[in-house]
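A.B. asks: build me a model:
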Amino acid sequence: MPLSRASRTDLMAWGHYVHSEPLWSTLPSADGRRRPGRPSRLTPGVVERYLFAIRLGNYRSVAARMAGISPATHYRWQRDTRPQFVAFWAAVDRAEAQCEVEVTANIVRLSRRSTRAALFWLSHMYPERWGPPT
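C.D. replies: Here you go, the predicted model:
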């Protein structure tokens, strides 16, 4: 499946943070030895699958399952302050915003033909004026 332009941008931004500092890199060190410890499961493939699911409007827990991330790992990543995880969650926030913008644009576009869609959009954007009477 080809990557969208936004997806490539998110992966490049994430990759920049991961590989800009040798300490956080998953690549071997200068002397060719691998860093000690288990390799991180936060790989470009996992990030791509996770962001793809988020852009389709899924919850984070569903996106994690689709990417093959266990719930325990998912919650541990949310609390992790290392740069690659901070960059990952910044990419997730951008993907969620992108999805929201696309859905809102679709509702506004549909409201030109459907009064029901127009009332839905107005009642959710301006509940004090267009919401149900209280």
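
A.B. asks: and the contacts of the strand or helix carrying residue 78?
C.D. replies: Element membership of residue 78, judged by DSSP states H and E, is helix 71-79. Helix 71-79 has contacts (C-beta atoms under 8 Å, 6 or more residues apart in numbering) with 41-42, 60-61, 64, 69, 85, 88-89. From N, CA and C alone the C-beta is placed, and that goes for glycine too.

A.B. asks: tell me the mean pLDDT over it?
C.D. replies: Taken as a whole, helix 71-79 carries a mean pLDDT of 94.

A.B. asks: buried ones in that helix?
C.D. replies: Within helix 71-79, the residues that qualify as buried are 74, 77, counting by 16 or more other C-beta atoms under 10 Å.

A.B. asks: repeat for stretch 55-67
C.D. replies: Those would be 55, 58, 60, 63-67, for stretch 55-67 by 16+ other C-beta under 10 Å.

A.B. asks: for stretch 107-114, same thing?
C.D. replies: 107, 111.
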